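Student: Pasting the sequence and the predicted coordinates here, then a few questions.
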Amino acid sequence: MKEVILITGRTLKQGSNLENKMSDAYFDAAARCEMNENLLTRIGASVGDAVKVSTRFGEVVVNAEKDDGLPDGHIFIPMGPWANAIVDPDTGGVGTPTFKGVPANIEKTDGAVLSVKDLIARYREG
Amino acid sequence: MAAETVSNVVCPLCGCLCDDIEVIVEDGKISNVKKACPLGKNKIMGHDRIKAPMIRENGEFKEVSYDDVIEKSAQILAQAKRPLLYGWASLICEAQRKGVELAEEIGALIDTTASVCHGSTVVGVQGRGAPGCTLGEIKNRADLVIYWGCNPQEAHPRHRARYAHSVKGMYRPNGKNDRKVFVIDVRETKTAKVADEFVKIDPGYDYMAFSALRTILAGHADVVPDTVGGVAKEKLVEMVDAMKSCEFGVIFGGMGLTHTRCRYKNLENVISLVDELNAHTKFTLIPMRGHYNVNGSGHSLAWLTGYPFAIDFSRGYAWYNPGETTSNDLLMRREVDAMMAIAGDPGAHFPGESLRHMAKIPLIQIDPYANPTTELADIVIPTAVSGVEVDGTAYRMDGVPIRTRKVVETEYLTDEEVLERILTRVRELKGGN
Amino acid sequence: MSTITLSMKQSITVPLEAENITPDNLAGKSVDEIKAVTVYHGNSEAVIGDFFDVTVEGSGNDPASTEIIMKGDLTRVKRIGEGMSAGSIVIEGDCDMHCGAFMRGGKITVKGNADAWAGREMRGGEIIIEGDAGNYVGSAYRGELTGMRGGKIVVEGNAGDYIGEHIGGGEIIVKGNTGVLPGLSMTGGKIIIEGTATMPGGEMTKGEIIVKGGIIDMLPGFKFEGEEEVDGATLKKYTGDLAVRGTGKGILLVG
Amino acid sequence: MTILIKNGVVFDPAQGIDGEKMDIAIDGDKFVEDVSSPDEVIDAGGRMVVPGGVELHTHIAGGKVNAGRIMRPEDGRKGRIPRGKLTRACSGFSVLNTFATAYTYARMGYTTTFEAAMPPLLARHTHEEFEDTPITDKGALVLLDNNWMTIEYAKSGDLDKLAAYVSWMSEASKAYGIKIVNPGGTEAWGWGKNCSINDPVPGFDVTPKEIIKALAQVNEDLGLPHSIHIHCNDLGHPGNFETTIETYEAVKDIKPSSDRQVMHATHTQFHSYGGSNWGDFESKADEIAKYINKNDHITIDLGVVMFCDTTTMTADGPMEYSLHTLSRRKWSNHDVELETGSGIIPVAYSPKIGVNAIQWAIGLELALLITDPWKMALTTDHPNGCPFTFYPEIIALLMSKAKRESMLETVSEAVGKRALIATIDRELTWSDIITMTRAGPAKILGMSDTKGSLKVGADADLAIYDIMPESFDPTKDYKTIEDKLMRTVYTIKGGEIVVRDGEITATPHGRTFWVNPAGKKAEAARDGMLEDLERMFRDYYTVSMANYPVQDEYIPHGVEIRTEVN
């Protein structure tokens, strides 16, 4: 398990499927966690492996992806329900949750990446 | 039937509001989209729609009529003590204006997606102002372009080519060769890769970096430490020199500033930096607004109510206080007892803590497409796609209002029609007040 | 001297706006009169009697000799003591936002925690928060350039972000830690933080901030001026924020 | 619907009626000679009956007004009024929401209001706000002086093309008239610079004076109802009265196309400054008044400053920035590509600050020193000098020397030394005031057939104030003026009773007047102009020409005024 900083944000693929969120394309675009090669190696994962990312606010399983534009110790999950399962809900006094710069832990996992429906169903159950 | 090309279509996806799109229509259906970026093309081409109005019964959706969902929605909203009407960004102003009328009628809170996006920018503007300009000023004059905490290559794909970088303008006839582009970000984004210079900053240190730049600009580089937020002092000094010596500079601010530590104070600080740079040269700031008409929602709400988002009508007049009247605060504090999500997808874009409360209260969704919010909704009202099936006004990220075009016909009710019908029914329920 | 006791009958989720609960408004009123005073529950108008059991002991028409004791679950009661000029309010538990906003005199004691905006735009009087305070203690309203101008706020626990934003006078004392940017754009007054503070004094031009427990992320526009003795402790003295066109003359003392 | 107003004491300067007891009849939306068996009879009971107010220069709708609202939530919370049965929620003191603007003007007896600065590229915004500003009739003046097209044609002297451009732009933006704001200076602000009247505009090699003359000539060639409407160069600069008079002189030889001025110079208070810096700043209202009294081709409006915390907003970007550097509160700026700009800052005018006190004096001095009330309109350049809600107090100041004397005791001593107000005895009459707020502005706007008068055939816009002119002494009872002019007993707009006893009783849509200049002058060089314009869109604008003109959907209550000069 490695301590990292979580950033969320827009991507081209996530944005291209904004109106198509129940699709496989959106799942591929948003249920992912990007990190550089060094971090991938350190957690013993390869591209496409499931990784569990946890913060003080929850945990989520997503697919590992490589992006060497990320500095060491930083991970990027595209904005969307997977990222939002673990971002810091504190609104910093002005209403906007802390979507960027959240301390997190990341590890390789055997767990499954939940579909949108299953992910959201968790909130219905309380 | 022959294919028809509709020209000068306005793209209803992001705040760039590109108005040169060509849409090919065959047999009343869109068969192709030209000139748009992948985001815009996918939006205009469309996807599988919600087929019919739906009401959730015993956990399962049942298809019903528009009359049924409008009746049920009106009843929920008329009875609620603290209803929240959220979304409004992917929607034309004409419908937003109707939404404000509904909010006033039922004493609701009305909030937009700015709440989780550039709301902090707006609050920053309320502290320091907004020294900006339209995008054509950048195209024609800017020789220094700074993208700070934004990644247009992925979020606003045509921004650089249409407005800010490679585009040729009156005083920048050689486009890219006449400008210098800086990217300041926590990671080397796709935009950083095409910039002249990438400056990496540590997450959450933007406020300190702006303070350092302002301190250097004020002639006090001596007190600034050797590194600030991971940026070397020499680099900061170099940046100040570049800013002071350009003829026309612009900072495009993104969610890298609003989603992180200090939020609107980052904006206040950068606005003051831009203000102070005007003592040396011409400098401006433009927020990279996300949804195509989130800026319009701020505008229409402001002229109607005095405030751009996060408005509470519970006392009959408008009370505005982000952090108190913003959607996530209201949901996480469990204040809200009913919610309407329209042209925004809180299910996908709010933290889990907020979704837990949304699942517990009556939730009405108005949207053309199924999305995570649908999974939490009790009532689903499908509508026409604004900007494709409905024409109306949108405000570009720089405040330029453009009329989006209707390209094809639809069987769906428009958002404005749905809101009007709910409003009429709510008025009846509340005794014709 | 009279004591008015307001006991919240039940917990609520939709907040009450109770700016009418001040000694100025309730002094000299009978139980029935107090019960009839307006409070606002979400989008509907209600009266104190709908939500509180009311008792009055003693007598007196003068706000200065009126004490209001509030009991029960007050976590969703906003604006208690707004604009009060005299007398006292004791909140026996947590209270919601804007407690003591625009306060001009008298005293409010919160036995538990107070949510954001306690003492917003305060002009005088005293607020004691025995637990934690939220964001914006003693701050300005959105867009205003002046927050608290007089009076005193004491937070026994921790406080949130942006406390004393635009403070122009008066004093805020936090016994615990504070969040980001205390004393932001400060133009006068004093803030004492016994614990830690993150980026204190941003864009301050006047006034004084003392941080005894140390600073997380010292801002780059402060100039070290030497050491200074305060109450027997040796503190480092800085002036700033020089980011403000080099003009900041605020004082930041750090333990 | 027919209405008969009986027993009113009528002031209607356009008809030379000065406080006569008479009846006024309304049939539908017009004044008529008489009505038999009226649907409603209003007994005015000796109260003052006047035409509906005509506001010829105010900032109530569009990009910069809204930027002011967005920037100032602290102003918004000052004017909160909950929604009523007929009325929407209100907010704002200096930057009111559209509903507050509409209801307040109506309560004060105003029925026609002109937004004085509409950037063409943002015209849709102004018209959208107009649709949410009920009751009052409206129009917008379009900014055409810093436009690259205009500057190029002024430089080449191609006035036929300029006429074609003005004509196209008026139709495209649905505007009523031509507004000029710091000609050349706002373009220079694109580079952080400014221009005075004889400085060449950076990049164009033409002077502001040449731009002004070209637009003034084209305005008359096209026979537009209103003259050019100018905010002169050097606004707010000590010593600017010379620029102001030079601007007036520049158009002296141009012949008006109708019975009105050739140039309307706005918010003249801000342009009547002497001295060379803020230290020796002084009033030159006497010099300006002397010029106006001697010449007939200029009209002005006052732009009175009153002491309050207001919001200033103008297309004069460099001026706002320069003002901002004095106060450093907050500053918004919005340059509009190829066309114009704008700046917005909050300003607190204080009676204790010498400069502010002198500014206050100058606005009043102009009104008291200009002898002919038809040559000047009462404005505050809302919200720049102060919000329009100060009109009643300003009227009290103009009508009562006693009121001025009491106020003089509270202002900076600088007024006694570097302004003239304390030496002026004149007290304006009701006829003067009604001229300056009704008949005069209507004539200046070229609307005297329909507005600013109770004459038969005019629009049935009317106000009744709870003042009995026959027994009332405005020089002494000035406090009553301040109260009674805030809320009418009746406001009638287009034949509909919209205010009764100070309360809104109906909220009809107002109309939007716009001018479509046609005829030979507009058409002669149209094709050549369009070629130039198409190139501007292709190369320099960021919206396509096809998406530029304001569509008809934005003016559902529009009234097209077609001028045709051949």
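Tutor: Perfect, thanks for sending it. Numbers count the residues shown, from 1 in each chain, chains lettered A, B, ... in the order given.

Student: Tally up the residues packed near the closest residue to C:Val47 other than its chain neighbours, please.
Tutor: In this structure, C:Val47 finds its nearest non-sequential neighbour in C:Ala36, 5.3 Å apart by Cβ to Cβ, 6 or more residues apart in numbering or on different chains. The way it works is simple: take the backbone N, C-alpha and C, and place the C-beta from them, glycine included. If you count neighbours by other Cβ atoms under 10 Å in any protein chain shown, C:Ala36 ends up with 12.

Student: Could I get the contacting residues of C:Ala36?
Tutor: By Cβ atoms under 8 Å, 6 or more residues apart in numbering or on different chains, the contact list for C:Ala36 reads C:47-49.

Student: what's the answer for D:Ala265, then?
Tutor: If you count contacts by Cβ under 8 Å, 6+ apart, D:Ala265 has them with D:230, D:232, D:244, D:247-248, D:271, D:298-301.

Student: ok so, going back, and which of the contacts of C:Ala36 is nearest chain A?
Tutor: Using Cβ to the nearest Cβ, C:Ile48 comes nearest to chain A of the contacts of C:Ala36, at 30.0 Å.

Student: Was I right to think the closest one contacts C:Val31?
Tutor: No - between C:Ile48 and C:Val31 there is no contact under Cβ atoms under 8 Å: 10.1 Å.

Student: and for the two, which residues touch both?
Tutor: Each of C:Val54 lies in contact with both C:Ile48 and C:Val31 under the rule Cβ under 8 Å, 6+ apart.

Student: Per-residue pLDDT of B:Met1, please?
Tutor: Per-residue confidence (pLDDT) for B:Met1: 61.

Student: hang on, I meant B:Gly175
Tutor: Listed pLDDT for B:Gly175 reads 97.

Student: just to revisit the earlier point, mind listing which of the contacts of D:Ala265 are in helices?
Tutor: Among the contacts of D:Ala265, the ones falling in helices (DSSP state H) are D:244, D:247-248.

Student: still on that earlier bit, between C:Ile48 and C:Val31, who's got more neighbours?
Tutor: Ranked by neighbour count (other Cβ under 10 Å), C:Ile48 and C:Val31 place C:Ile48 first, with 22 against 13.

Student: Doesn't D:Met169 belong to a helix?
Tutor: Yes - the assignment for D:Met169 by DSSP: H, G, I helix; E, B strand; the rest coil puts it in a helix.

Student: which stretches of chain A aren't confidently modelled?
Tutor: A:126 (pLDDT under 70).

Student: For chain B, what is the nearest residue in it?
Tutor: A:Gly95 (2.6 Å).

Student: what about that residue, neighbour count?
Tutor: 27.

Student: right, and it touches B:Thr326 too?
Tutor: Yes - under the criterion of Cβ under 8 Å, A:Gly95 makes contact with B:Thr326 at 2.6 Å.

Student: joint contacts of the two?
Tutor: Both A:Gly95 and B:Thr326 are contacted by B:115, B:119, B:310, under the criterion Cβ under 8 Å, 6+ apart.

Student: for the most centrally placed residue in chain A, phi and psi?
Tutor: Nearest residue to the geometric centre of chain A (Cα atoms, centre = their mean): A:Ile77, 3.6 Å. Backbone torsions of A:Ile77, given as degrees, to the nearest 10, read phi -120, psi 130.

Student: In three-state terms, label the closest residue to it other than its chain neighbours for me.
Tutor: Distance criterion Cβ to Cβ, 6+ apart; nearest residue to A:Ile77, sequence neighbours excluded, is A:Ala83 at 4.1 Å. Secondary structure assignment for A:Ala83 (three-state DSSP): helix.

Student: Could you pull out the strands in the stretch 51-200 of chain C for me?
Tutor: Under the criterion DSSP state E, counting those that start in this stretch, the stretch 51-200 of chain C contains strands at C:52-58, C:66-71, C:77-78, C:88-91, C:107-110, C:126-129, C:152-155, C:171-174, C:190-193, C:197-198.

Student: Count the residues that sit near D:Lys252.
Tutor: For D:Lys252, the number of neighbouring residues by other Cβ under 10 Å comes to 11.

Student: can you pull the contacts of it?
Tutor: Contacts of D:Lys252 (Cβ under 8 Å, 6+ apart): D:262, D:295, D:297.

Student: Most neighbours among these, please name it.
Tutor: Counting neighbours by other Cβ under 10 Å, D:Val262 leads the contacts of D:Lys252 with 23 neighbours.

Student: Give the phi and psi angles for the nearest residue to that one once chain neighbours are set aside, as a check.
Tutor: Nearest residue to D:Val262, sequence neighbours excluded (Cβ to Cβ, 6+ apart): D:His297, at 4.4 Å. D:His297 adopts backbone torsions of phi -90, psi 0, taken as degrees, to the nearest 10.

Student: Also C:Leu184?
Tutor: The phi/psi pair for C:Leu184 (degrees, to the nearest 10) reads phi -70, psi 130.

Student: That one: neighbour count?
Tutor: Number of residues near C:Leu184 (other Cβ under 10 Å) recorded here: 29.

Student: ok, the contacts of C:Ala36 vs C:Ala233, which is closest?
Tutor: Closest approach to C:Ala233 among the contacts of C:Ala36 (Cβ to Cβ): C:Ile48, at 47.2 Å.

Student: and the closest one, what pLDDT?
Tutor: Taking C:Ile48 on its own, its pLDDT is 98.

Student: and the residue nearest to it when sequence neighbours are not counted, what is it in contact with?
Tutor: Excluding the flanking residues, the one nearest C:Ile48 by Cβ to Cβ, 6+ apart is C:Val37, at 4.8 Å. When contacts are counted by Cβ under 8 Å, 6+ apart, C:Val37 touches C:20-21, C:25-26, C:29, C:47-48.

Student: quick one: the strand or helix carrying B:Val270 near chain C?
Tutor: Here B:Val270 is covered by helix B:264-277, with elements defined by DSSP states H and E. Yes - using Cβ under 8 Å from any Cβ of the partner chain, helix B:264-277 reaches chain C at B:265, B:268-269, B:272, B:276.

Student: How about stretch D:65-75?
Tutor: Yes - using Cβ under 8 Å from any Cβ, stretch D:65-75 reaches chain C at D:71-75.

Student: restrict these to contacts with chain B.
Tutor: Among the residues of stretch D:65-75 next to chain C, proximity to chain B is found for D:71-74 (Cβ under 8 Å from any Cβ).

Student: Please, where are all the helices along the stretch 201-350 of chain B?
Tutor: Per DSSP state H, counting those that start in this stretch, the stretch 201-350 of chain B carries helices over the ranges B:206-217, B:233-245, B:255-258, B:264-277, B:294-305, B:327-332, B:346-349.

Student: And the contacts of the third one?
Tutor: Think helix B:255-258. For helix B:255-258, the surrounding residues in contact (Cβ under 8 Å, 6+ apart) are A:9-10, A:96, A:99-100, B:117-121, B:148-150, B:185-186, B:206, B:263-264, B:266-267, B:270, B:288, B:290.

Student: Which ones among the residues you listed lie within strands?
Tutor: When the contacts of helix B:255-258 are checked against strands (DSSP state E), the matches are A:9, A:100, B:148, B:185.

Student: Can I have the buried ones of those as a PyMOL selection?
Tutor: In PyMOL, a selection of the buried entries from the ones in strands among the contacts of helix B:255-258 looks like this (16 or more other Cβ atoms under 10 Å in any protein chain shown):
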select buried, (chain A and resi 9+100) or (chain B and resi 148+185)
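
Student: from the ones in strands among the contacts of helix B:255-258, which is closest to chain D?
Tutor: The closest of the ones in strands among the contacts of helix B:255-258 to chain D turns out to be B:Trp148 (Cβ to the nearest Cβ; 18.7 Å).

Student: isn't the closest one right up against B:Phe252?
Tutor: Yes - applying Cβ under 8 Å, one finds B:Trp148 in contact with B:Phe252, separated by 6.9 Å.

Student: residues contacting the closest residue to chain C within the stretch 301-433 of chain B?
Tutor: Closest residue of the stretch 301-433 of chain B to chain C, Cβ to the nearest Cβ: B:Ser314 (4.1 Å). The contact partners of B:Ser314, by Cβ under 8 Å, 6+ apart, come to B:82, B:107-109, C:40, C:42-43.
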